[in-house]
Each structure stands twice: as structure tokens, then as C-alpha cells.
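Undergrad: predicted model and sequence follow; I will ask about them next.
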Amino acid sequence: MTGNFVHNEPQDEKVDIMVPGVVQGGESESKQFIDSLSNGAVDKTVLMQELLRGLLENNEIVLEKKGRKGVNPAPLGLIGFGMTTVLLNLHNASLFELGSVVPAMGLSIGGPLQILVGLLEYFNGNAFGATAFMSYGAFWLSLVALWLLPQGDDHPHVWMTTKPFIGFYLLLWGLYTLCMTVVTFLKLNRMMQTLFTTLTVLYFLLAAGNFAENATVLKVAGWEGIFCGLVALYIAFAEILQDNLGYPVLPLFHVKRD
């Protein structure tokens with residue numbers, strides 16, 4: 001961020017004065033300046049204006065050089081995505097029952113946190129990041145709603161969702177993620193390409209498992225989803241280290257493009 005200073009002094013009051021520290025000069029200029037002060041040849045009001053002008057111009061140059069480093073919100077969203085994805089797929093891999101931990105994470109860092117990060121990416125001008133984080137945050141909110149909405153004969157307005165219908169739900173998300181994967185291969189690094197590729201495969205496996213009501217396919221999807229979540233966490237910590245240290249520590253395998 002650069003400092004902007006506007007000066008509105010009338011043109012007839014602007015004079016050229018050699019001020020040490022503002023306009024660099026040798027010993028002769030400094031001596032002339034001191035003599036002019038002693039003799040009263042320089043108006044003190046004009047002198048103060050020139051001193052302030054010089055200081056403000058110097059400060060503006062410093063601010064332009066330093067600027068203000070923007071904060072990268074993506075690691076926070078990736079941590080939220082990665083943790084919830086790993087926990088959900090521990091259940092899909094039949095390692096744990098679907099307890100209250102997964103819905104609780106979905107209602108906190110899986111949904112709202114990712115949407116918040118998406119908004120921050122939007123204001124940073126990152127269309128891909130904004131679209132990805134806000135959409136997958138919305139996915140988590142919808143998934144938790146599927147679990148928590150009343151279902152059964154005593155609630156006739158909300159019928160029990162069948163597995164084939166959940167399969168269509170997951171298939172649509174898989175097609176959307178496939179489109180996002182294509183974008184990663186056009187502009188992002190190899191690790192981000194790996195993340196979206198594995199996420200696409202995860203959605204398609206979960207859709208197939210629900211269509212066929214096949215527990216084995218769902219278990220395979222669970223293990224694949226655990227890997228997908230770990231990739232997201234890897235990218236998050238790689239970006240955190242690079243942002244704080246100023247140089248890459250964990251490789252993201254950037255692709256050189258013309």
C-alpha cells in the first residue's frame with residue numbers, strides 16, 4: 001500500500017530552497033542555507049512548508065518500496081477441507097461409526113470456515129479460490145443437513161433419502177469437481193492437480209457405491225478420500241511454511257508455463 005499525499009500550496013509561494021536531508025548538497029549549499037537563516041533571507045513559513053514537503057515525499061517513497069503484504073487465506077480453508085475429508089472417510093473406510101464428530105466438524109470448519117475463506121479469496125481477486133472454497137463449504141452444509149433433517153414415517157414432508165438419489169447428488173458434485181480439475185491443469189501446481197483429481201475420483205466412487213449399494217466400493221472410496229484429505233493438509237502446511245519463511249520448504253511442484 002502506498003501513501004498518497006496531496007499538496008495544494010499556491011504556485012506563487014513555492015520557492016527552491018536547499019534543505020539538508022531533503023535535497024542533498026555539498027558543504028557549500030549547507031553553508032549558504034545556514035547563512036540565509038542567520039540573515040533572515042528565508043521566510044520561516046516557506047521553510048517549514050519545504051521541510052514538510054520533503055519529509056512527506058521521502059515517506060511516500062518508503063511506503064511504495066515496502067508496501068503491505070497481503071494475507072493468504074487459502075491454507076486455513078485447506079486445513080478445514082482436509083481435516084473434515086479425512087474424518088468423513090475414516091467412516092467410509094469402515095474404521096469408525098459416523099458419530100457426532102463429523103457433523104460437528106462439518107458445521108464448523110467444513111462449512112462456515114470454508115465459505116469465509118472463499119469470501120476472503122473473492123476480495124483478494126482469486127476467482128478459482130473463491131469458487132472452490134465457497135462451493136465445498138456449501139457442500140458440507142448440505143451434507144450435514146442430509147444427516148440431521150428429520151427422516152421417517154412420522155415426518156411425511158421429508159422422506160428418507162434413498163441411496164440411488166444420494167448417488168445422483170454425489171455424481172453432480174463429481175462432475176463439478178471434474179471441471180475444477182481441468183482448471184488446475186491449466187494454471188496450478190502438481191499438488192493442487194493431485195488434490196482435485198483425487199477429489200473427483202472420490203465423488204465418483206461414492207456415487208457408484210451408493211448407486212450399487214456396494215459396501216466394498218464405499219470402503220475403497222474411504223481410503224482414497226483419506227489420501228485426498230492428507231494431500232489438502234500437505235498443501236496447507238507447505239503454503240504456511242513458505243509464507244512465513246519466505247522460501248519453499250515442502251515442494252508443491254510448480255509447472256513452468258509459457
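TA: Alright, I've got the coordinates.
Undergrad: C-alpha only now, for contacts and for neighbours.
TA: Noted.
Undergrad: next, the buried residues of the strand or helix carrying residue 204.
TA: Assigning secondary structure by DSSP states H and E places residue 204 in helix 190-212. The neighbour-count check on helix 190-212 (16 or more other Cα atoms under 10 Å) flags 191-211 as buried.
Undergrad: just the mean pLDDT for the helix or strand following it, thanks.
TA: Per DSSP H and E, the first helix or strand lying C-terminal to helix 190-212 is helix 215-245. Averaged over helix 215-245, pLDDT sits at 97.
Undergrad: and helix 215-245, how far from the chain's centre?
TA: Computed by Cα atoms, centre = their mean, to the nearest Å, the chain-centroid distance of helix 215-245 equals 17 Å.
Undergrad: list the helices and strands it packs on?
TA: For helix 215-245, the elements it packs on are helix 74-92, helix 190-212, judged by 3 or more Cα pairs under 8 Å, 6 or more residues apart in numbering; DSSP states H and E.
Undergrad: what is the orientation angle of the last one with helix 74-92?
TA: Using axes from the mean of the first three to the mean of the last three Cα atoms, to 10 degrees, the interaxial angle of helix 190-212 with respect to helix 74-92 works out to 30 degrees.
Undergrad: tell me the mean pLDDT over helix 190-212?
TA: pLDDT averaged over helix 190-212 gives 98.
Undergrad: returning to that earlier point: I'd like the helices and strands packed on helix 215-245 laid out as TSV, including distance to residue 226.
TA: What follows is those, written out as TSV (distance: least, Cα to Cα, whole Å):
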stretch	distance to residue 226
helix 74-92	5
helix 190-212	10
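Undergrad: so which of those comes closest to residue 253?
TA: Shortest distance between residue 253 and the helices and strands packed on helix 215-245, using Cα to Cα, is found for helix 190-212: 5.3 Å.
Undergrad: quick one, that closest one and helix 215-245 angle?
TA: Using the same axes, to 10 degrees: helix 190-212 against helix 215-245 is 160 degrees.
Undergrad: okay, now the unreliable bits of this protein?
TA: For the chain, the stretches with pLDDT under 70 are 1-44, 46-49, 51-52, 56-69, 152-157, 258.
Undergrad: no more questions from me, cheers.
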